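[1] Fold the stuff below for me.
(one chain, ligands or ions: 1)
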Amino acid sequence: MPETLRYAGIVGVGAYAPQRVLTNEDLERMVETSNEWIVERTGIRERRIAAPEQASSDLALAAAREALAQAGVAPEDLDLVIVATNSPDMFFPATACLVQDALGARRAGAFDVSAGCTGFIYALSIGSQFIMTGAAEKVLVAGADSLSKMVNWEDRGTCILFGDAAGAVVLEPVPEGYGVLSFSLRADGSGGPLLTLPAGGSRLPASHETVDRRLHTIHMQGREIFKFAVRVMGEVALEVLRKAGVGPDRVGCLIPHQANLRIIEAAAKRLGLGMDRVFVNLDRYGNTSAASIPVALKEALDGGYIRPGDYVVMVAFGTGLTWGGALVRWLPEARGRAAGVAPAGGQNELPGQDSPP
Ligand code: UT7
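    Residues are numbered from 1 along each chain as shown. As a prediction, this is how the structure comes out:
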């Protein structure tokens with residue numbers, strides 16, 4: 001073990017979203033809702049839906065390949081593959097093992113993280129610490145979800161919200177003062193019943209009855225989750241800034257979990273940040289759960305919203321209940337495209353929108 005801790009930073013970012021677009025107008029034909037209601041209450045206009053043959057590991061794999069290419073890291077040099085997901089391909093093996101195998105990351109350990117939509121923050125914190133302690137040199141962290149497969153398409157309270165996507169980052173040691181400067185992981189399991197997928201586990205094993213009662217789909221008390229999110233998002237952002245001794249006025253870009261524009265605006269207000277420093281793409285992707293932060297991070301980089309040396313705050317909340325944040329100082333100079341800045345006014349579109357490899 002090294003005598004002192006190292007700094008862990010993001011040296012490559014990738015993202016993938018399936019090709020099929022489901023608009024609010026499409027939803028108007030499926031449930032009793034309207035484009036106006038969805039836009040006003042959530043900010044979402046459309047979302048991507050995975051093809052029947054696409055599972056979360058396929059989405060993660062596409063994002064991971066791009067992140068590795070940007071970082072200039074070969075899969076066989078990875079020490080660890082961590083996938084945050086709430087919609088694993090199956091109960092076991094872990095989705096991370098499927099990604100590890102498909103990548104050819106022969107030397108890497110692999111495991112999943114289940115922490116709701118906060119999963120990417122949890123996984124980033126875990127991966128960073130392997131780098132910081134010297135236990136690993138190169139770590140891949142992905143957030144991947146295809147919740148469209150678990151939504152009750154007759155429940156207008158949930159089916160309008162979610163979309164499918166994946167994002168991934170590569171972590172390596174970086175110069176002192178850069179990379180992950182602080183993080184905060186929080187949970188309150190007493191709020192678990194507010195957002196559940198009740199059946200299929202050891203509590204309610206799959207049966208005809210659980211299928212008939214739609215217990216294999218998402219059940220949510222949206223209003224309660226909303227109130228919780230408004231309370232914790234700004235709070236945890238301030239907490240990670242306080243831990244690192246960085247004032248909110250020095251934040252270059254806030255990357256919030258993309259669930260609801262009103263929740264994001266409340267968090268920005270709490271930090272005293274103008275919306276020009278908050279990255280929002282939920283209008284085009286909806287809530288992609290554990291993928292939302294790395295996908296937004298990728299688009300913020302490509303669009304020139306993050307500049308070398310910027311302080312970037314990422315915050316999320318989700319089922320569990322969980323919430324958390326991380327403060328990252330972006331690298332001072334380009335290392336691949338991930339650490340650099342694409343020209344401002346970029347198209348802000350995800351690459352590889354067709355079928356996964
Ligand atoms: O990553 C974590 C995942 N979960 C979340 O992020 C959810 C957080 N919560 C939210 O984003 C919001 O609570 C929702 C968008 C889910 C709902 O918005 P709201 O402003 O909290 O509405 P509400 O649930 O209080 O419902 C208001 C009304 C209700 O009708 P009544 O009882 O006032 O007649 C609902 O039945 O809106 C109705 N409603 C809808 N109307 C049209 C609920 N869903 C819809 C819909 N279209 N899709």
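
[2] alpha carbons only for contacts and neighbour counts from here, please
    Noted.

[3] For my notes, confirm L22 occurs in a strand.
    Yes - the assignment for L22 by DSSP: H, G, I helix; E, B strand; the rest coil puts it in a strand.

[4] Does it touch R47 like I think?
    Yes - L22 sits in contact with R47 when judged by C-alpha atoms under 8 Å, with a separation of 5.4 Å.

[5] Assign F92 to helix, strand or coil.
    Bear in mind the rule, three-state DSSP; under it F92 is coil.

[6] so R186 makes contact with G324?
    Yes - using C-alpha under 8 Å, R186 makes contact with G324 at a distance of 5.6 Å.

[7] list the contacts for R186?
    T322, W323, G324 (C-alpha atoms under 8 Å, 6 or more residues apart in numbering).

[8] how about the second one, what does it touch?
    This means W323. T118, L185, R186, A187, V232, M233, V236, V315, A316, F317.

[9] same question, the first one
    Residues in contact with T322 (C-alpha under 8 Å, 6+ apart) are A115, G116, T118, L185, R186, A187, D188, G189.

[10] confidence score at the residue lying closest to A55 once chain neighbours are set aside?
    Once flanking residues are discounted, A55 sits nearest to D89: 5.6 Å by C-alpha to C-alpha, 6 or more residues apart in numbering. pLDDT, the model's per-residue confidence, is 98 for D89.

[11] Just to check, D89 is in contact with L59?
    No - D89 is not in contact with L59 according to C-alpha under 8 Å; the separation is 10.6 Å.

[12] Tell me which of the two has more neighbours.
    More neighbours sit around L59 than around the other of D89 and L59, counting by other C-alpha atoms under 10 Å; the figures are 30 against 19.

[13] Let me see the contact set for the more buried one.
    With the criterion set at C-alpha under 8 Å, 6+ apart, L59 makes contact with Y16, A17, P18, A144, D145, A165, A166, P356.

[14] Among those residues, which one is most surrounded by other residues?
    A144 (38 neighbours).

[15] So what pairs up with that one in the strands?
    Using DSSP bridges, the beta-bridge partners of A144 come out as A166.

[16] do V170 as well
    G12, L140.

[17] hmm, back to that, of the contacts of T322 - the most surrounded one?
    The most neighbours, when the contacts of T322 are compared by other C-alpha under 10 Å, belong to T118, which has 33 neighbours.

[18] what does the chain have sitting close to the ligand?
    Applying the criterion C-alpha under 6 Å from any ligand atom, the portion of the chain that neighbours the ligand consists of 33-34, 37, 41-42, 117, 156-157, 160, 222-223, 225-226, 259-260, 289, 318.

[19] rerun at 8 Å
    Residues of the chain that fall close to the ligand, judged by C-alpha under 8 Å from any ligand atom: 31-34, 37-38, 41-42, 116-117, 156-161, 195, 220-227, 229, 257-260, 263, 287, 289, 316-319.

[20] out of L22 and R47, which sits in the busier spot?
    Each of L22 and R47 had its neighbours counted (other C-alpha under 10 Å), and the higher figure belongs to R47 (27 against 17).

[21] Who are the contact partners of the residue nearest the centre of the chain?
    Using C-alpha atoms, centre = their mean, the residue of the chain that lies closest to the mean C-alpha position is A291, 3.1 Å off. With contacts defined as C-alpha under 8 Å, 6+ apart, A291 is in contact with C117, F120, A142, G143, A144, D145, A165, A166, G167.

[22] Pull up the per-residue confidence for it.
    Reading off the per-residue confidence, A291 sits at a pLDDT of 98.

[23] just checking, R262 touches E40?
    No - in this structure, R262 sits apart from E40 without contact. The criterion is C-alpha under 8 Å, and the distance is 9.0 Å.

[24] three-state assignment of the residue in the stretch 1-150 of the chain positioned nearest to the ligand?
    Nearest to the ligand, among the residues of the stretch 1-150 of the chain, is T33, at 3.7 Å (C-alpha to the nearest ligand atom). For T33, the reduced secondary structure class is coil; criterion used: three-state DSSP.

[25] what's around it, how many residues?
    The criterion is other C-alpha under 10 Å. On that basis, T33 has 16 neighbouring residues.

[26] send the alpha carbons of the longest helix seen in the chain over as CSV?
    The helix that spans the most residues within the chain, counting by DSSP state H, is helix 222-244. Taking only C-alpha atoms (Å, rounded to 0.1, in the frame of the first residue of the first chain), the coordinates of helix 222-244 have been written out as CSV:
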residue,chain,number,x,y,z
GLY,A,222,-44.3,10.1,-6.8
ARG,A,223,-45.3,13.1,-4.7
GLU,A,224,-43.4,11.7,-1.7
ILE,A,225,-40.3,11.0,-3.7
PHE,A,226,-40.5,14.5,-5.1
LYS,A,227,-40.6,16.1,-1.6
PHE,A,228,-37.7,14.0,-0.5
ALA,A,229,-35.6,14.8,-3.6
VAL,A,230,-36.2,18.6,-3.3
ARG,A,231,-35.0,18.3,0.3
VAL,A,232,-31.8,16.3,-0.2
MET,A,233,-30.4,17.3,-3.6
GLY,A,234,-29.2,20.8,-2.7
GLU,A,235,-28.3,19.6,0.8
VAL,A,236,-25.9,16.9,-0.4
ALA,A,237,-24.4,19.2,-3.0
LEU,A,238,-23.5,21.7,-0.2
GLU,A,239,-22.2,18.8,1.9
VAL,A,240,-19.6,17.6,-0.7
LEU,A,241,-18.5,21.2,-1.3
ARG,A,242,-18.1,21.8,2.4
LYS,A,243,-16.0,18.6,2.8
ALA,A,244,-13.6,19.9,0.1
